[in-house]
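1. Could you look at this predicted model? Sequence included:
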Amino acid sequence: MLANAFKRATAGSKCNKCGSVVNFAYIKRHNQECKGIVSTTITEDNDSDEIEVVDEIIKVVSVETSNSKTRKTNKRQNSAPATVKKPTSNDEVVMLSDSEDVVEPLPKKSSTKSFDQLSTSNASEATTTTYTKTARALVYVEDPSANMTLPEVYEKLMEQLEKLCSAGSNAGYLIASQTNTRLSQSPKKKAPEIEPEVIAEEPLPSSSKATTSTATVEESDGFKPVYPKPQRIPNSGQGFSNIYRPPRHKKDDSAQRAAEKIKPELEADLPETLVLQADKTYGPSYIVRFFWRMLKRVLSKEAGIQGEKAPEFWGDDLRLFYWLVTMSDSEQYLFVRLCLRLRKWLTVDELSKYATNGTSIVDIASGLVAAKLIEESDSPDASLTLDEALSRLSRAELNRLARTYKVEHRIKAKDVIFNILAIANGKDVFGRPMLPLVLNNARKHLTNCYRVKEHPLALFNSILTLYCPTHMNTGLLFDPTTTAGLASNLMFQLLQVETHKLDFCGPKDIVKCISIYRNYEELKDYMEAKRIEATMAWDKRSGKYQNMYDNGMTAINRVKNMVENRKDHLERLSLLPHHLRRYTDAWVYVRSAAHTVDAMERLRKYDEAVELIEFLLNTDALLQYCPDRRGFLYDRLALDLGHHLKRKDDSLNACVRGISDPIVRNKDKLLLQDRALRLDKDFEISVKISEPRHICISGKIIDKYLGEQRINHFYVEKNGEKEIVSVEELALRHFREEQDFWNGMHTEGQIWHTVFGIICYDIIFDHSIDTVWFSPIQDAPADLNTLDFFLKRKDRFEQRLSLLLEESQKEVLKDIMKENFVKNRGRTNAKIDWNVFESFADFEEFMLCIKPEALVMIINRIIEDHRHHRSGFPDLTLWDPATKRLALIEVKGPGDKLSTKQRLWLDFFNKHGVEAFVCRVMGESYKNRQIPNQPATSKKNNRKKIKEVNTLIEEEEVECEEMEVEDDEIVKVDRVVSDDEFDMEEEKESDLDFVSSSKPSSSYSMRITRSSSRNKSSPDLIG
């Protein structure tokens, strides 16, 4: 009985009217479709998102029911449906939808507008731009290198690039003339005649009734039960089965079939098509011209990555490059623009702004789609996910799709998308997944979209990386000052060079590209590692720490795979110089794994963070990769063990291990020592420094929490007017008025880097040193932040610094410094800020105020380990040429404390005869001030007198308020950062390979004269 019931449930029925076999679940609906089909036109009201019925046309199929003989006669006739007017009664309206989109009839909304007004207003709102293809879309669909060998393709490609680079603004006309000549020589095709469609008659249904010995199914209203034929179940071993299996969902290929249908007509008009230059006045866009220049240099045999072996290195990708450069500048402009943007689907309306010279964007994109440079959403093999499709739908289209699945659409768009995705994750009544069905319906509502493919995008980034690897270093994305993509910044800097707004210190002649990749697979691995790290950087900026963690785990797994299965690869890369090793996949993966520690801590996965840090520190094969981050890893290990996991003994042990590690620098050892002293007051001190002297001044404070920056704000009163100033400027005015330091600057270490750069400019930026210069827009040698920087130039540095100590050589040194200052003034580099000294005379005045011995020691400390000694200088540098006085002052506002780097530099200056001290500015209203939205911290309310004797100024007594800071807090420069926070300003500084002067400077310079005071800002050069 159960078998018979199951067989009846799974059987289908043949319709007596149309002859189609229908499942029992759809009999009622199919009966409605055969009897009458209603086509309803609806419009949307943007205010309420409800539907109003505007016009309805009901198609009724005449059906006679007089007797069975007449019914059989009507089966053999193919009568056309009759069209009748809209019925007056609302009950007679039957709303039907597509077979895949089942919706409930919606109530009709009353409106005060007339029918004509309503239809006119809704028609204007629903107007959309229609983009149709023309013969222009078929101009570049064929591969021009199809019948050529790779050497021939390479020669043709280099010849074309040479013509384009030399043509300049006329390059667009050059490509257009080449294309028009080719089209005029192509044979003309005759447009095919369109034959009328012939509708074949349906075969007559069989008159025999389906019978069965085990069960019978009653006929109902013109339906006959039809059982499916037995079908074999694949890979089941059960032979045949009568279970009905619905067909699988298929992708909608209607757009492709329509394109194939119109293609012969477009081919007939192809010889008469005319291709024009994108811009008649200025020629190709600057980003296209720069891409030609970079592509030519990277592929050339003189300066390319593999020289004579370039064709074998790039392989079939040369055909892709040649196909691209033979297209018009409109196609190339669209491709480069898509590569510079974030990779995502863009609608035709969004891309229409890239259309040039009246050419449709659809025609421009068609050639790129044929070359497989970009992909379109209408293609059957497009990698379009449901989430991406829903995000590109307009709000009206999204509401329409939501009503299809009875999803509430009067809410936010992101909530509508969430609910639709929840439905897509389920299954239908047959147990099939709903995802293909929902995706197919979403694609029907979605207009055509385009997106650059992964492989061409990787090739584009590879060319830019080989051209200038220092600017394309993805470690720069973790720097908050990097506000745009690396490729966009590179293009913008090239534009500034072309317009003579920037002049870099890099070599002007052709320099050889970086050549550490033996084959294209190694370059591909490096680009994949960069892609993962870049994704992690953008995830961190947007606060998506779960995505950052997932990408970080991918990098960690690849590091473990290298350690276990590719030790020879790690050993070979470890033999490279330090400054070249950072451009390998192993270095980037290890650096990404170190960044994953931050994501784990944000997600409170402290056990995993400890395990990862132990793996990175204890694996000997990884010792040569990111050695500058070992101090940071020890500090995070001690923090996670002690503060989060409450394992004090293990935390103290981690501090001891970090202090005894020979690779860890002193600034990290001092930080670990401070943490160990908080854990154990009897801990033995190994890094001994002297505490700097303090002086106190007072100022009227406003608030520390004004705006986004957590800095102290003070104000001064002069002539009845109030002026808001920073804590550094307040201290600078104090020493000008009280102590006659009329020459003073707030530049932190910029003034010392400028002095060092002027003295040793020709040594630092020596272009004759191999493998450190890769690009003409490089602002520093590639080994600047490594120990090799000093070792490669040791003899020349020692010879130059010896001139400072010899009295007889001062004139020689003066001539060298003057030549460096005058000849190279204004050139962009990573060492010198040309706004610090207005003239060479100002530079000489500063040199008179500092002892030569002290200056030699300062420069030696900078060049011996530039990576870790480049920052931490005191805020203010004050000098007086008349009395030859020099003072370095670190200014601290209320609640601020010295960092480890600042403590080390203050100790160094005092030990070598340079006066350096701390000026603490106390706010007069700070005692009773409550920080907004922050819990009150413990303070001592009592006031006491602090007396400090300063050898540079008169003895004075200052009455100030002393703040007590809790032991568990680490107070940084101009901000208070507790152990619970993860952005350690100095100790957790990111692994940036370059200190690029093209990035906005965080410091500013100020010179004070007797007549007036003026602020000078460093040039804001976007990098």
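-> On my side now, so go ahead.

2. contacts, neighbours, all on C-alpha from now
-> Noted.

3. So for stretch 441-455, what gets flagged as buried?
-> Residues 441-453 are the ones in stretch 441-455 that count as buried (16 or more other C-alpha atoms under 10 Å).

4. where does this protein dip in pLDDT?
-> Scanning the chain for pLDDT under 70 picks out 1-11, 23-26, 28-29, 32, 35-131, 185-274, 276, 703-711, 925-1023.

5. still on that earlier bit, let's have the buried residues of stretch 441-455 in a markdown table, adding distance to residue 315.
-> A markdown table is the format used below for those (distance: C-alpha to C-alpha, whole Å):
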| residue | distance to residue 315 |
| --- | --- |
| 441 | 41 |
| 442 | 39 |
| 443 | 36 |
| 444 | 39 |
| 445 | 41 |
| 446 | 37 |
| 447 | 36 |
| 448 | 33 |
| 449 | 30 |
| 450 | 27 |
| 451 | 24 |
| 452 | 21 |
| 453 | 19 |
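
6. what are the phi and psi angles of residue 695?
-> Note on residue 695: backbone dihedrals following degrees, to the nearest 10 are phi -130, psi 160.

7. Now do it: how many residues are near it, please.
-> With neighbours defined by other C-alpha atoms under 10 Å, the count for residue 695 comes to 19.

8. from memory it sits against residue 918, does it?
-> Yes. Contact criterion C-alpha atoms under 8 Å: residue 695 and residue 918 qualify, at 6.4 Å.

9. The residue lying closest to residue 585 once chain neighbours are set aside: helix or strand, and which one exactly?
-> Among residues not flanking residue 585 along the chain, residue 526 sits closest, at 4.3 Å (C-alpha to C-alpha, 6 or more residues apart in numbering). Assessed by DSSP states H and E, residue 526 sits inside helix 520-541.

10. and if you look at residue 549?
-> Using DSSP H and E, residue 549 falls in helix 545-565.

11. Show me the contact partners of that helix.
-> 529, 532-533, 535-537, 539-540, 569-570, 586, 589-590, 592-593, 595-596, 599-600, 602-603, 621 (C-alpha atoms under 8 Å, 6 or more residues apart in numbering).

12. same thing with stretch 316-331?
-> Residues from elsewhere that reach stretch 316-331, judged by C-alpha under 8 Å, 6+ apart: 140, 143-145, 150, 153-154, 156-157, 160-161, 172, 175-176, 179, 275-278, 284, 288, 311, 332, 355-356, 364-365, 367-368, 371.

13. Check which residues of that stretch are buried.
-> Residues of stretch 316-331 classed as buried: 318-331 (neighbour count, 16+ other C-alpha under 10 Å).

14. Can you pick out the most distant pair from those?
-> Largest separation among those by C-alpha to C-alpha: 318 and 330, giving 20.6 Å.

15. ok, the residue nearest to residue 585 - how many residues close by?
-> Around residue 526 there are 20 other residues, counting by other C-alpha under 10 Å.

16. Kindly confirm my reading that residue 723 is in a strand.
-> Yes. Per DSSP: H, G, I helix; E, B strand; the rest coil, residue 723 lies within a strand segment.
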